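S.K.: whatever this is, show me its structure:
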Amino acid sequence: MHLPSALYARHIADGTLMADADQQAVLPVLDGLVERLSVPAARVPWRGIDIWQYAAGTAPQGVYMFGPVGRGKSMLMQLVFDSLPMAEKRRVHFHPFMEELHHRMHTTTPPAGVDMVWFIAAQIAAEARVLCFDEFYVTNIADAMLLGRLLEALFACGVTLCATSNWPTDNLFQDGHNRGHFMPFMAVLKKHMTELDLNEGADWRRAGGDAPATVSAAEAFARLGGKKEAETVLRLGHSDVLAKGMSGGVGWFTFTELCAKPLGRAEYMDLCAGLKGLVISDLYRLDGAAADAAMRFVVLVDIVYENHLPLRVTTDGIALEEVCTEGAAAFAFQRTLSRLHELQKMGG
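M.R.: Numbering: from 1, shown residues only. Sure thing, here's the model as predicted:
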């Protein structure tokens, strides 16, 4: 077994990482988590499902890593995940997990007299003893209340949670009007997880050189491997989407075609599954009335990032940092901006 600190040191030695004092400060906590989780847990039956039971009575305390974008939270979580010796572990981005949870709520039939949320928690526990959440953030009170119940049940079923977020638990939910309803959820997190602050520091996604110099969308398309700029119509969900170019596994679309139409995560996942590179042109300012398009763009960039696709984005003359500075989407766009800088270095 290699502890996270050993894997971190290896990456420093081979030049794939640069040493960061805040990252190094949390490594002993992550090492301790892996060591505690390396002790075998017994499976015990509950309502026909095997859940986890520890000799100490409770699952090891999880960790909640927070800090600004680009501080290495996801990288540290990957070190934890790679260090864990068991097969029953799962890493998932938070929003796809929530979509999965809502799907389970609509399709699961628990045994008579068994609470739905507890039954789903037992199912999840049977699949994963350790659950790693990337990009933990709650946007509505209904999800917060559902999550509070689910997490309490998961912890009772012996699951340990490791999570990353841009915000401490006290700031996870921004709606002050309903904050009182959110307090039990925060209490569950604080009871079962240790918060690790990565502080302000270097945004390592932007380190290692600048993104490619500004080029036209046509040139970006060619550089990524696109051979022909002939327009093509794709069917995504219930919408026809016009590609300005589609060849060699590279797609070129205007921002309006991809983000002003009623497309969602499922459509973007289908699109990215068939691509090896993506160009989005004519991105415009996304303040005020463009909030829906801005949030679709945030979701799209998340999926491109999860699929490790090279991405090139051209604007109508404004800097990326000026695209979304006001309105409901501005908060989420800060993470998107960091990811854009990283993705635009990929693929030559």
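
S.K.: distance from the helix or strand containing residue 126 to the middle of the chain?
M.R.: Assigned by DSSP states H and E, residue 126 belongs to helix 116-127. On the basis of C-alpha atoms, centre = their mean, to the nearest Å, helix 116-127 sits 22 Å off its chain's mean C-alpha point.

S.K.: mind listing what the helix or strand just after that helix pairs with, with the direction of each?
M.R.: Sequence order places strand 130-134 as the next helix or strand after helix 116-127, per DSSP H and E. Using DSSP bridges, strand 130-134 pairs in its sheet with strand 89-93 (parallel), strand 160-165 (parallel).

S.K.: nearest to residue 249, of those strands?
M.R.: Closest approach to residue 249 among the strands paired with strand 130-134 is made by strand 89-93 (23.6 Å; C-beta to C-beta). Yep, even glycine has a C-beta here, placed from its N, CA and C like the rest.

S.K.: avg pLDDT for stretch 313-330?
M.R.: When pLDDT is averaged over stretch 313-330, the result is 82.

S.K.: quick one: contacts of it?
M.R.: Residues from elsewhere that reach stretch 313-330 (C-beta atoms under 8 Å, 6 or more residues apart in numbering): 214-217, 220, 279-288, 290-291, 294-295, 298, 333, 336-337, 340-341, 344.

S.K.: quick one on the thing from earlier: include mean neighbour count and distance to residue 81 when you put the strands paired with strand 130-134 into TSV, please.
M.R.: As requested, the strands paired with strand 130-134 are arranged in TSV below (neighbours: other C-beta atoms under 10 Å; distance: least, C-beta to C-beta, whole Å):
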stretch	mean neighbour count	distance to residue 81
strand 89-93	17	5
strand 160-165	24	8
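
S.K.: ok, which of the ones you listed comes nearest residue 59?
M.R.: Across the strands paired with strand 130-134, residue 59 has its closest neighbour in strand 160-165 (4.8 Å, C-beta to C-beta).

S.K.: quick one: contacts of the closest one?
M.R.: By C-beta under 8 Å, 6+ apart, the list of residues contacting strand 160-165 reads 33, 37, 59-66, 73-74, 76-77, 80-81, 94, 129-137, 151, 154-155, 172, 192-193.

S.K.: what's the local residue count around the residue nearest to residue 224 when sequence neighbours are not counted?
M.R.: Closest residue to residue 224 apart from its sequence neighbours, by C-beta to C-beta, 6 or more residues apart in numbering: residue 277 at 3.7 Å. Neighbour count of residue 277, defined by other C-beta atoms under 10 Å: 23.

S.K.: for stretch 219-234, measure first residue to last.
M.R.: 22 Å (C-alpha to C-alpha, to the nearest Å).

S.K.: list the buried residues for it?
M.R.: Across stretch 219-234, burial judged by 16 or more other C-beta atoms under 10 Å covers 220-224, 226, 229, 234.

S.K.: from those residues, pick the one nearest residue 182.
M.R.: Proximity of the buried residues of stretch 219-234 to residue 182 (C-beta to C-beta) peaks at residue 234, which lies at 40.2 Å.

S.K.: so what's the closest one bridging to?
M.R.: residue 241.

S.K.: tell me the contacts of it?
M.R.: 240-243, 246, 271.

S.K.: hmm, 10 Å instead?
M.R.: By C-beta atoms under 10 Å, 6 or more residues apart in numbering, the contact list for residue 234 reads 240-243, 246, 251, 253, 257, 267, 270-271, 274.

S.K.: can you check the pLDDT for it?
M.R.: Value for residue 234, per-residue pLDDT: 91.

S.K.: the one 5 residues further on now?
M.R.: The confidence metric pLDDT takes the value 89 at residue 239.

S.K.: can you tell me the helix or strand for the residue nearest to it when sequence neighbours are not counted?
M.R.: Once flanking residues are discounted, residue 239 sits nearest to residue 261: 4.8 Å by C-beta to C-beta, 6+ apart. If you go by DSSP H and E, residue 261 is not part of any helix or strand.

S.K.: for residue 106, see how far away residue 261 is.
M.R.: Applying C-beta to C-beta, to the nearest Å, the value for residue 261 to residue 106 is 26 Å.

S.K.: comparing those two, which residue is more hemmed in?
M.R.: Comparing residue 261 with residue 106 by other C-beta under 10 Å, the one with more neighbours is residue 261, at 16 against 6.

S.K.: of all the strands paired with strand 130-134, which lies closest to residue 9?
M.R.: Nearest to residue 9 among the strands paired with strand 130-134 is strand 160-165; the distance by C-beta to C-beta comes to 20.3 Å.

S.K.: just how off-centre is the closest one within its chain?
M.R.: For strand 160-165, the distance to the chain centre is 11 Å (C-alpha atoms, centre = their mean).

S.K.: try stretch 96-112
M.R.: Taking C-alpha atoms, centre = their mean, one finds the center of stretch 96-112 at 20 Å from the center of the full chain.

S.K.: let's see which of the buried residues of stretch 219-234 end up in helices.
M.R.: Judged by DSSP state H, the buried residues of stretch 219-234 include 220-223 as members of helices.

S.K.: correct me if wrong: residue 311 contacts residue 339.
M.R.: Yes: counting by C-beta atoms under 10 Å, residue 311 touches residue 339, with 8.7 Å between them.

S.K.: which neighbours do these two share?
M.R.: 301, 304-305.
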